[in-house]
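Peer 1: can't give you the sequence, but here's the structure:
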DNA sequence: CGTCTATTTGAATGTACTCAAAAGCGGTGG
DNA sequence: CCACCGCTTTTGAGTACATTCAAATAGACG
């Protein structure tokens, strides 16, 4: 059950058997059904989530009520709203399950206790934070320098298979284009393959 | 000379006189002339920079040789290429001075020593890292949901006065539009004011 | 003062959007 | 198991935002 998260952590720091046991005991397993809400806009994000099985997505509505997907979290990824989590402020975006999903989640007090017991986790979460920053920076750069078509092909490289699972509407909202336009792009790609 | 950086750090953590002195001694002051290069593409980023006076910008060239500005760092801001700094890898982007600029910079070994002496700085830099992430996330969201015109007005709110200092070409490269189009936007704004 | 680069502006173009209608698809209940 | 409902996808036609290219003008700097 907890192998994946331990593997994930041990990619960056090494853990004793005891550490590993304590870490696992600090996380609570939880299941979400497809389309179930994990976090709602305006709610405080009480947990950070590690996805074991399934897929979560973060999204928000802009001033024109248009939905934008900011990230997907598939198996082996961390997600949540860090800003809301650390500052105890209402979340500006929502998180929902795109499939039946199993996560391990940890609350802020649990995390604090965990830092006390296993101080090297400070380093681990700093690295996770850094990687998150780098990924977000990449996304900015990619948006600045690439057309919708290029962003679409990169999406498929970055999340292979997700295209089959996630509705086109949602993929479009991640790419920053309309579903109608994504439909046209796909058509173009299909005809180019033949 | 070092008041600004100490002020900046003490916004998040408290420092003893000794800590403060040791911190200051770990940073090297350096000046860059207007248009001087701070970091070149392909070079390893050996320092993190705190801007005392002036303005730095980070930018890269995309596959079509088009320049994109990823961030400005004005007085009181931190900059550098963290990815290159921590992984010791060649930088994908460059940093240059837009004005005569005075910085305090710190190398990786110096920073490590500093963490030993003043462990609470771990917390400080984690907060800086977090804020960086939040700012970058905001930028992604803003790009997804706003037109060039809106982005331009927000730029002016976020960096008041910078418009007068920085060439339009560079501002356009930050906004993700062409200089020609920014010129048209500005014209429109001017005529709207009368 | 001359040179070099940045800015402005016009005309034509392209990328992506809007609106609307039709077709497809998935889940639910009879 | 099929029929229906609601939502997603497709597609056409028209449009808007932003770009390209080029030429003229303005500004900066040695």
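Peer 2: Yes, it's here. Not measured: the values here are computed from a predicted model. Residues are numbered from 1 along each chain as shown, chains lettered A, B, ... in the order given.
Peer 1: Counting neighbours, what do you get for the nearest residue to residue A:129 once chain neighbours are set aside?
Peer 2: Nearest-residue entry for residue A:129: residue B:129, 5.7 Å, with adjacent residues in sequence omitted and distances by C-beta to C-beta, 6 or more residues apart in numbering or on different chains. Backbone N, C-alpha and C define where each C-beta goes, glycine included. The criterion is other C-beta atoms under 10 Å in any protein chain shown. On that basis, residue B:129 has 17 neighbouring residues.
Peer 1: by contact count, what packs against the helix or strand containing residue B:129?
Peer 2: Element membership of residue B:129, judged by DSSP states H and E, is helix B:120-145. Helix B:120-145 sits against strand A:67-74, helix A:82-87, helix A:120-145, helix B:108-117, helix B:148-158, with contacts defined as 3 or more C-beta pairs under 8 Å, 6 or more residues apart in numbering or on different chains; DSSP states H and E.
Peer 1: what do you get if the cut-off is 7 Å, keeping everything else the same?
Peer 2: Where contact means 3 or more C-beta pairs under 7 Å, 6 or more residues apart in numbering or on different chains; DSSP states H and E, helix B:120-145 is packed against strand A:67-74, helix A:82-87, helix A:120-145, helix B:108-117.
Peer 1: And the pLDDT for residue A:1?
Peer 2: With respect to pLDDT, residue A:1 scores 63.
Peer 1: Need the pLDDT of the most centrally placed residue in chain A.
Peer 2: The C-alpha lying nearest the average C-alpha coordinate of chain A belongs to residue A:73 (C-alpha atoms, centre = their mean; 3.0 Å). At residue A:73, the model reports a pLDDT of 96.
Peer 1: and if you look at the one 5 residues further on?
Peer 2: Taken from the predicted model, the pLDDT recorded for residue A:78 is 97.
Peer 1: what's the answer for residue A:65, then?
Peer 2: According to the model's per-residue confidence, residue A:65 sits at a pLDDT of 89.
Peer 1: Same question for it, what's its three-state structure.
Peer 2: coil (DSSP: H, G, I helix; E, B strand; the rest coil).
Peer 1: Distance check, it against DNA strand C.
Peer 2: 11 Å (C-beta to the nearest atom of the strand, to the nearest Å).
Peer 1: Next up, phi/psi of residue A:63, please.
Peer 2: phi -60, psi -20 (degrees, to the nearest 10).
Peer 1: how about the nearest residue to residue A:39, chain neighbours excluded?
Peer 2: Computed as C-beta to C-beta, 6+ apart, the closest residue to residue A:39 that is not its neighbour in sequence is residue A:95, at 4.1 Å.
Peer 1: Doesn't the one you found belong to a strand?
Peer 2: Yes: assignment of residue A:95 by three-state DSSP places it within a strand.
Peer 1: Report the beta-bridge partner residues of it.
Peer 2: With DSSP bridges as the criterion, residue A:95 is bridged to residue A:39, residue A:58.
Peer 1: Next one: it, what pLDDT does it get?
Peer 2: We note a pLDDT of 97 for residue A:95 in this prediction.
Peer 1: same deal with residue A:193?
Peer 2: 64.
Peer 1: The helix holding residue B:129 and DNA strand C, are they touching?
Peer 2: No: Helix B:120-145 lies apart from DNA strand C when judged by C-beta under 7 Å from any atom of the strand; the minimum separation is 9.7 Å.
Peer 1: List, one by one, the residues from chain A near DNA strand D.
Peer 2: Chain A comes close to DNA strand D at residues A:167-169, A:179-180, A:182-184, A:186-187, as judged by C-beta under 7 Å from any atom of the strand.
Peer 1: in chain A, which ranges drop under the pLDDT threshold?
Peer 2: Judged against pLDDT under 70, the low-scoring parts of chain A cover residues A:1, A:193-194.
Peer 1: Domains in chain A, by residue range?
Peer 2: A:3-145, A:146-194 (automatic domain parsing).
Peer 1: out of those domains, deepest packed?
Peer 2: Stretch with highest mean neighbour count among the domains of chain A: domain A:3-145 (a mean of 17; mean count of other C-beta atoms under 10 Å in any protein chain shown).
Peer 1: and the residue lying closest to residue A:29 once chain neighbours are set aside, what is it in contact with?
Peer 2: Distances taken as C-beta to C-beta, 6+ apart place residue A:104 nearest to residue A:29, at 5.7 Å, with adjacent residues excluded. Taking C-beta atoms under 7 Å, 6 or more residues apart in numbering or on different chains as the contact definition, residue A:104 lies against A:2, A:5, A:27, A:29, A:50, A:52.
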